[in-house]
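Novice: sequence and predicted structure, then a few things I'm wondering about:
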Amino acid sequence: MTGFFLAIHLNQEVRTIPLEKGTAEELDQKFARLAADYMVDRELVEYCPGYHPPPEEVMTVGYDLSGPLGKIRKSLPSALPALDKKTLENDPPVALVHVKPGESPTMCFQAVTKSNMMAPQSALFFGNQHFKFNTQVGLIPTNRIDALYEGGQLLFRNEHQVRRFLDMEEFFTEASDEVIEEFFASDNFVVQDSEKLKKAANKTMRRRIAMLSSKETEFDMKRIRSAAKRCGLSLDFQGTAMVIPSDRKGLKEAVGLLSDDYLGSLTQDDRLYFASFKRPIKGQA
């Protein structure tokens, strides 16, 4: 049994993609290979909003599919509209989905960008001993997948790409002023100006603080103080308690350190990197 092929549109509407039998079988094999190769030589890491994994890592997070996608098992939900020429021209999809049906379906997502769209008069087709322009709009599947859904887990590498076609807002809760106050009220921290601190916390920092707060992490403040010194961060400590800066730059450094934004080389003790880019920290050769 071949899989199902679907299109997701900007408004989260899902449409079926009607395919000729032979084409469906070829695409089925293509996406099966892409899914099988997705984790080759890669390691799973827990998803953290804002993290940019290196080539050898894939992020994973528990995810509940909603809408028509969440209802798919061995067959498609009834009454799904089909993708037609008019819709493809006026409301092109933001992603293609290959579904391997079953009690726990596997889904491969491929983001659709301008490079995936073939507009009329944009390509030369060969036939009858000569080339001529295409006259119809078309879709061009590529040799990649941008997300894999399997066993209730969503695997992906590029958060920005995935947010184009799946709702990830539940993972982007922003810490309220009350959560910020409660989190930094710990004996691990010293807050000198709570009001300035809350004003300095932008959306990105509030999301990271919310993530730290939800994990209820036990911080080893001696190690954190040592790490701050080793990374050359301009953070102050009173004993082992970190003084939380009330300016945006300083707060970003503090929250970044608590969020493991820095990592050490496994082969060179003096080499440190920014975890999100694997970029050497300023001042290192």
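Specialist: Looks like it arrived, so ask away.

Novice: and the helices in the stretch 101-250 of the chain?
Specialist: Remark: helices assigned in the stretch 101-250 of the chain by DSSP state H, counting those that start in this stretch are 159-162, 177-184, 194-200, 203-215, 221-230, 248-258.

Novice: gap between the fifth one and the chain center?
Specialist: Its chain's average C-alpha position is 30 Å from that of helix 221-230, according to Cα atoms, centre = their mean, to the nearest Å.

Novice: for residue 77, which non-adjacent residue is spatially closest?
Specialist: Nearest non-adjacent residue to residue 77, counting by Cβ to Cβ, 6 or more residues apart in numbering: residue 71, 4.6 Å away. C-beta: built from backbone N, CA, C; applies to glycine.

Novice: out of the helices of the stretch 101-250 of the chain, nearest to residue 109?
Specialist: Taking Cβ to Cβ, helix 159-162 is the member of the helices of the stretch 101-250 of the chain nearest to residue 109, at 7.4 Å.

Novice: in that closest one, what's buried?
Specialist: 159, 161-162 (16 or more other Cβ atoms under 10 Å).

Novice: also stretch 19-34?
Specialist: For stretch 19-34, by 16+ other Cβ under 10 Å, it's 24, 27-28, 31-32, 34.

Novice: burial measure for the residue nearest to residue 77, as a count.
Specialist: 14 (other Cβ atoms under 10 Å).

Novice: quick check: it vs residue 14, distance?
Specialist: 10 Å (Cβ to Cβ, to the nearest Å).

Novice: in the chain, where is pLDDT below threshold?
Specialist: 1, 261-285 (pLDDT under 70).

Novice: rewinding a little: got JSON lines for the buried residues of stretch 19-34, with secondary structure and distance to residue 255 too?
Specialist: Shown next, in JSON lines, are the buried residues of stretch 19-34 (DSSP: H, G, I helix; E, B strand; the rest coil; distance: Cβ to Cβ, whole Å):
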{"residue": "24", "secondary structure": "helix", "distance to residue 255": "49"}
{"residue": "27", "secondary structure": "helix", "distance to residue 255": "44"}
{"residue": "28", "secondary structure": "helix", "distance to residue 255": "45"}
{"residue": "31", "secondary structure": "helix", "distance to residue 255": "39"}
{"residue": "32", "secondary structure": "helix", "distance to residue 255": "42"}
{"residue": "34", "secondary structure": "helix", "distance to residue 255": "37"}
